[in-house]
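Student: sequence plus the predicted model coming up.
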Amino acid sequence: MSTAYLRYELLRTLRNRRFLFLSLGFPLVFYLLVAGSARGVKDLGDSGLSAPLYYMVGLVSFGAMSAMLSSGARIAAERQAGWHRQIRITPLPPRAYLRAKVLTAYLMALLTMAVLFAAGGAMGVSLPAGRWLEMTGLLLVGLIPFAALGILMGHLLSVDAIGPAMGGGVALLAFLGGTWFPIPDHGFLHVVGQLLPSYWLVQAGHVALGGAAWGRQGWLTVGIWTFLLARLAMIAFRRDTGRL
Amino acid sequence: MTAAGVALSGLTKTFRSPEGPVHAVRGIDVSIAAGETVALLGPNGAGKSTTIDMLLGLTRPDAGQISVFGRAPSDAVADGAVGAMLQTGELIRDLDVRELIAMVASLYPSPLDVEEAIEVCGLRAVAHRRTQKLSGGQTQRVRFAIALVSDPELLVLDEPTVAMDVESRRAFWETMRAFAARGKTVLFATHYLEEADAYADRVVLMAHGRIAADGPPTEIKGLVGSRTIRATLPDVSRDALAALPGVTSAERRGEAVALACSDSDAAIRALLAAHPDARDIEIAGAGLEQAFVQLTVDEGLHA
């Protein structure tokens, strides 16, 4: 009975033009501008990667991260409308409600990734199919903590606060994670970057591109963030809805 | 009354506020038999919405028990036995009316047909309109459709007609009546005495977080629908005035008399027939708020 609910959630999200513009349009336009002007650069910042490839992976992580967190904005808007009270007096279990939110966020992230992959292809990025899949799979794992973060923010912040919080949060995480330019392989930024889930999201892309590996530290960092953020998200959800 | 209905016992809820604790509900007992239509009548701030929130499992009571068809509120909700139209709340955007009703219907085990809900709530003309483009009255009707489409055993309506015009109101109550006629239990909150009188089998009167009265609408109407007739009438005894039909009590201050009436229409006719020399006549309604305060003071409840 919650498949119909999920279907309508997706329909609503796809009809939200603001979301489509920000989540799909912004990374795409940005990619075309940045990668387009550096199209000839074959070895960006000694990373061994071409500029269109590097920026594609960076913007994929950025766009997918934004798409995941946008579930928070939708939750905050529903709370402001009082819709969460209406949902609470239906038989929809909290688990199914949260699952719908996470799946919607994931499908939006996949949509963003598909658009950027297509744009990368148009810019001359070409990879074997196995690499695309491997990269996509790792990115989806790397997005798990952001799914929890979206729910946490949605149940914690008001509609007014969530816009700036998400904008600033995404920008900072993207910057420190190496979305905009390669993180040096030693020093302060390197240490800080490696502690963030966004760093490993960017690295997830790089693994499939033959860059630095997602070793034990990567899995551990993503695992710890997932655990912590999921716990906090559950606490915020319960406190917000009065459920036990 | 019956174990199968709704029972609230010893229900208490206090909220904290910067001005100190607000005793929203101060220990109420209400039993509603299955199939009954009950109005929860009271002025703003009487505790009606808090009571309803507790009944729906949205707010946890500080003390007391709630049973909905023999179950805890959350279990009754999880079984799809309860449908409600809350007092506040907007609709979510980016779906049309039919889609939103279908979305809610999909969450229930045995919902009404979506087209039927659209039809009985008068939403046919706007079925394809996006929810963010509806008028206030249309939004209320969609919220009613959302409550009805679950085909609940218990329908709870918290001040449902607030944003409606006269015609929508009439249509709304007709639909509610047809629903109740199918053996469903209905509890609605209102601060309109006329609505409680016209559409409920029984009226529970709330004031200051307590039950001030509980009985058939005619009885409650007699209690709170009272009017006072004032007139200048020198030479008639108080007892003679109190004995007039429709008069519950009479007072005299000098030449002026004040008659508290349960039926002011009958009283004024009788007064003028018996004492045509009465002059400076005024008839005033007490108003719900004043009547409630009077009732609670009379019963020594105003702690």
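Tutor: Alright, I've got the coordinates. Numbers count the residues shown, from 1 in each chain, chains lettered A, B, ... in the order given.

Student: C-alpha from now on. contacts and neighbour counts both.
Tutor: Will do.

Student: for B:Ile118, what are its contacts?
Tutor: Counting by CA atoms under 8 Å, 6 or more residues apart in numbering or on different chains, B:Ile118 touches B:98, B:124, B:127, B:145.

Student: burial check on the one residue in the stretch 1-150 of chain B that gets nearest to chain A, number of neighbours?
Tutor: Relative to chain A, the nearest point of the stretch 1-150 of chain B is B:Ala78 (4.1 Å; CA to the nearest CA). Residue crowding around B:Ala78 was assessed by other CA atoms under 10 Å in any protein chain shown; the count is 19.

Student: ok, and the closest non-adjacent residue to it?
Tutor: A:Pro91 (4.1 Å; CA to CA, 6 or more residues apart in numbering or on different chains).

Student: what are the ranges of the helices in the stretch 1-150 of chain B?
Tutor: Remark: helices assigned in the stretch 1-150 of chain B by DSSP state H, counting those that start in this stretch are B:48-55, B:73-78, B:97-105, B:114-120, B:136-148.

Student: just checking, what packs against the helix or strand that the last one is followed by?
Tutor: Scanning forward in sequence from helix B:136-148, with DSSP states H and E defining helices and strands, the next element found is strand B:154-158. The elements that strand B:154-158 packs onto, with contact taken as 3 or more CA pairs under 8 Å, 6 or more residues apart in numbering or on different chains; DSSP states H and E, are helix B:48-55, strand B:82-85, strand B:185-190.

Student: could you dump those to a markdown table with distance to A:Val102?
Tutor: Formatted as a markdown table, the helices and strands packed on strand B:154-158 follow (distance: least, CA to CA, whole Å):
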| stretch | distance to A:Val102 |
| --- | --- |
| helix B:48-55 | 28 |
| strand B:82-85 | 27 |
| strand B:185-190 | 36 |
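
Student: could you dump these into CSV and include mean neighbour count?
Tutor: Output for the helices and strands packed on strand B:154-158, formatted as CSV (neighbours: other CA atoms under 10 Å in any protein chain shown):
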stretch, mean neighbour count
helix B:48-55, 22
strand B:82-85, 26
strand B:185-190, 24
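
Student: JSON lines please, covering the ones you listed and showing mean pLDDT.
Tutor: Below are the helices and strands packed on strand B:154-158 laid out as JSON lines (pLDDT from 0 to 100):
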{"stretch": "helix B:48-55", "mean pLDDT": "95"}
{"stretch": "strand B:82-85", "mean pLDDT": "95"}
{"stretch": "strand B:185-190", "mean pLDDT": "96"}
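
Student: what is the burial count for B:Ile283?
Tutor: Residues contacting B:Ile283 under the criterion other CA under 10 Å number 17.

Student: is it fair to say it lies in a helix?
Tutor: No: using DSSP: H, G, I helix; E, B strand; the rest coil, the assignment for B:Ile283 is strand, not a helix.

Student: next, count neighbours for the nearest residue to it once chain neighbours are set aside.
Tutor: Nearest in space to B:Ile283, with sequence neighbours left out and distances taken as CA to CA, 6+ apart, is B:Ile229 at 4.5 Å. Burial of B:Ile229 is recorded as 21 neighbouring residues (other CA under 10 Å).

Student: can you list the neighbours in contact with the helix or strand containing B:Ile229?
Tutor: Counting by DSSP H and E, the element that carries B:Ile229 is strand B:227-232. By CA under 8 Å, 6+ apart, the list of residues contacting strand B:227-232 from outside reads B:255-264, B:268, B:278-286.

Student: so who does the residue sitting nearest the centre point of chain A touch?
Tutor: The centre of chain A sits closest to A:Met65, judged by CA atoms, centre = their mean, with a distance of 1.7 Å. Residues near A:Met65 by CA under 8 Å, 6+ apart: A:109, A:143, A:146, A:170, A:198.

Student: for the helix or strand A:Met113 falls within, packing partners?
Tutor: Using DSSP H and E, A:Met113 sits within helix A:94-122. Applying 3+ CA pairs under 8 Å, 6+ apart, one finds that helix A:94-122 contacts helix A:2-15, helix A:26-37, helix A:51-81, helix A:144-156.

Student: which residues does the second one contact?
Tutor: The one in question is helix A:26-37. Helix A:26-37 is contacted from outside by A:51-52, A:55-56, A:59-60, A:62-63, A:115-116, A:119, A:123, using CA under 8 Å, 6+ apart.

Student: farthest residue from the center of the chain?
Tutor: I went with chain A, as the question did not name one. Chain A, CA atoms, centre = their mean, max distance from centroid: A:Ile89 (31.1 Å).

Student: please go with chain B instead
Tutor: Farthest-out residue of chain B from its mean C-alpha position, per CA atoms, centre = their mean: B:Asp235, at 43.2 Å.

Student: low-confidence stretches in chain B?
Tutor: Scanning chain B for pLDDT under 70 picks out the ranges B:1-3, B:225, B:286-303.

Student: contacting residues around the residue farthest from the centre of chain B?
Tutor: Counting by CA under 8 Å, 6+ apart, B:Asp235 touches B:Glu255.

Student: what helix or strand is it located in?
Tutor: B:Asp235 is part of no helix or strand, with elements assigned from DSSP H and E.

Student: could you give the number of residues near the closest residue to chain B within chain A?
Tutor: Chain A approaches chain B most closely through A:Pro91 (4.1 Å), counting by CA to the nearest CA. A:Pro91 has 22 neighbouring residues, counting by other CA under 10 Å.

Student: and the helix or strand containing A:Ile235, what does it pack against?
Tutor: Here A:Ile235, judged by DSSP H and E, is contained in helix A:216-241. In this structure, helix A:216-241 makes packing contacts with helix A:144-156, helix A:197-208, judged by 3+ CA pairs under 8 Å, 6+ apart.

Student: could you list the buried residues of that helix?
Tutor: A:218, A:221-223, A:225-226, A:229-230, A:232-237, A:241 (16 or more other CA atoms under 10 Å in any protein chain shown).

Student: still on that earlier bit, closest to B:Phe172 out of the helices and strands packed on helix A:94-122?
Tutor: With CA to CA as the criterion, B:Phe172 lies closest to helix A:51-81 of these, at 23.2 Å.

Student: buried residues in that closest one, which are they?
Tutor: Buried residues in helix A:51-81, counting neighbours by 16+ other CA under 10 Å, are found at A:51-81.

Student: report the angle between that helix and helix A:216-241.
Tutor: 20 degrees (axes from the mean of the first three to the mean of the last three CA atoms, to 10 degrees).

Student: following helix A:51-81, which helix or strand shows up next?
Tutor: With DSSP H and E, the next secondary element past helix A:51-81 is helix A:83-88.

Student: contacts for that next one next, please.
Tutor: Identification of contacts with helix A:83-88 by CA under 8 Å, 6+ apart yields A:78-79, A:241, B:58, B:86, B:89-92.

Student: of the contacts of A:Met65, which is the nearest to B:Ile32?
Tutor: Out of the contacts of A:Met65, the member with the shortest distance to B:Ile32 (by CA to CA) is A:Phe146, at 47.5 Å.
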